[in-house]
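In: A predicted structure for the sequence below; I have some questions about it.
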Amino acid sequence: MAEGSGDWAGTDVPDGEPRTNGFSTSVAHPARIWDYWLGGKDHYAADRAAGDHVLQVAPFVRDVAKADRAFLASAVRHLVADRGIRQFLDIGTGLPTADNTHEVAQRATPESRVVYVDNDPVVLAHARALLTSAPQGATAYIDADARDTGKIIAQAAATLDFGQPVAVMLLGVLLFIPDADDPWAVTAELMEAVPPGSYLAVSHGASDIQAGDVAAAGSRYNEHSAVAMQLRTRADFTRFFDGLELAHPGVVPINHWQPGPRPGTHEEGALPAYAALGRKPAQSRGGAEQQPR
């Protein structure tokens, strides 16, 4: 599930139900369900009920949520410390929690610049918590749908220098873009806008790990959430990195991702989500998956 993305506009809300900043607290909302699974505090009874419906058939979703946050922190630290990245475009931001992108990046390199993007009114209501920064760096927030890549790039240019490498973060958001809206084109358009040496980080729910339990969890989630999600196979996930060089360890279950040499094999079972990091080469080359470096 997205760290918080989803278009709330047009969602039916029963007359007389409470609303906050244009959204209803009585209809389960993706960002708040995710916050509940993470053990946060920004959720309501409807979100907890929806989250519990999924947990009944797939208790591992809490571990997926925590692994997703761990991937964010690990990838950002690696990009800053080992890859020299100082700019981040975090799309599908989600509700603020511990170790947001700017906090991880600026802890290591205070001059890091971060632009957050979400079209979720729940996240917008909490955006002030994201707009904090070390004085040497900068943060900004853009209210936009992930599919509106032109708007995102145009507005992000006020904070980021697109002549220098940028890390594009799409963690748990692409599963909310159906095949009909071509999420692979979304990532391609974003990576076309950034220079060589930029990176793409993606996490996404998997349909082909623990397939039976995952299918049941997806159905329950879509029954109870305002925004439906679409899980994908490893092959479809890998397509997001067409034309990019996959960094070590390549496309792996999210709880198996770590940069650098892997000290032995993972005994921990694979969680049903994929994660990967890819680099835009000097001359983009599409097609088959590249070998991890």
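Out: In hand now; what should we look at?
In: and the gap between Pro59 and Asp213?
Out: The spacing between Pro59 and Asp213, counted by C-beta to C-beta, to the nearest Å, is 9 Å. For glycine as for every other residue, the C-beta is placed from the backbone atoms N, C-alpha and C.
In: okay, those two: which has more neighbours?
Out: A direct count of neighbours by other C-beta atoms under 10 Å for Pro59 and Asp213 places Asp213 higher, at 15 against 11.
In: in which helix or strand would I find Gly278?
Out: Using DSSP states H and E, Gly278 maps to strand 273-279.
In: over to His204?
Out: Assessed by DSSP H and E, His204 sits inside strand 199-205.
In: parallel or antiparallel, list what pairs with that strand.
Out: Pairing partners of strand 199-205, with direction, according to DSSP bridges: strand 167-171 (parallel), strand 273-279 (antiparallel).
In: just put these in CSV and tack on mean pLDDT.
Out: Listed next are the strands paired with strand 199-205 as CSV, based on pLDDT from 0 to 100:
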stretch, mean pLDDT
strand 167-171, 97
strand 273-279, 98
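In: could those go into a markdown table alongside distance to Pro121?
Out: Compiled in a markdown table, these are given as follows (distance: least, C-beta to C-beta, whole Å):
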| stretch | distance to Pro121 |
| --- | --- |
| strand 167-171 | 20 |
| strand 273-279 | 26 |
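In: which stretch among these approaches Leu79 most closely?
Out: Nearest to Leu79 among those is strand 167-171; the distance by C-beta to C-beta comes to 5.0 Å.
In: what's the spacing between the closest one and its chain's center?
Out: Distance of strand 167-171 from its chain centroid, counting by C-alpha atoms, centre = their mean, to the nearest Å, is 6 Å.
In: pull the residues that contact that strand.
Out: Residues outside strand 167-171 that contact it (C-beta atoms under 8 Å, 6 or more residues apart in numbering) are 2-3, 68, 71-72, 75-76, 79, 85, 87-92, 101, 146, 187, 190-191, 194, 198-203, 240.
In: output that strand as PDB, nothing but the C-alphas.
Out: Output in PDB follows, covering the C-alpha atoms of strand 167-171 (Å, rounded to 0.1, in the frame of the first residue of the first chain):
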ATOM      1  CA  ALA A 167      16.900  10.200  -6.500                       C
ATOM      2  CA  VAL A 168      13.200   9.500  -7.500                       C
ATOM      3  CA  MET A 169      11.400   7.600  -4.700                       C
ATOM      4  CA  LEU A 170       8.200   5.700  -5.500                       C
ATOM      5  CA  LEU A 171       7.700   3.600  -2.400                       C
END
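In: show me the shaky parts of the stretch 1-150 of the chain.
Out: For the stretch 1-150 of the chain, applying pLDDT under 70 flags the ranges 1-24, 29, 34, 96, 98, 129-130.
In: please repeat the previous calculation with a cut-off of 50.
Out: 1-22 (pLDDT under 50).
In: that one: strands as residue ranges?
Out: Listed in chain order, the strands of the stretch 1-150 of the chain (DSSP state E, counting those that start in this stretch) span 19-20, 23-24, 87-91, 113-118, 138-143.
In: which strands and helices sit next to the third one?
Out: Okay, so that is strand 87-91. helix 101-108, strand 113-118, helix 149-156, strand 167-171 (3 or more C-beta pairs under 8 Å, 6 or more residues apart in numbering; DSSP states H and E).
In: parallel or antiparallel, list what pairs with it.
Out: Partners of strand 87-91 in its sheet, by DSSP bridges: strand 113-118 (parallel), strand 167-171 (parallel).
In: now render the ones you listed as TSV, adding mean neighbour count.
Out: TSV is the format used below for these (neighbours: other C-beta atoms under 10 Å):
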stretch	mean neighbour count
strand 113-118	27
strand 167-171	26
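In: partners of the most centrally placed residue in the chain in the sheet?
Out: With distances taken as C-alpha atoms, centre = their mean, the residue of the chain nearest its centroid is Leu171 (1.6 Å). Listed by DSSP bridges, the beta-bridge partners for Leu171 are Ser203.
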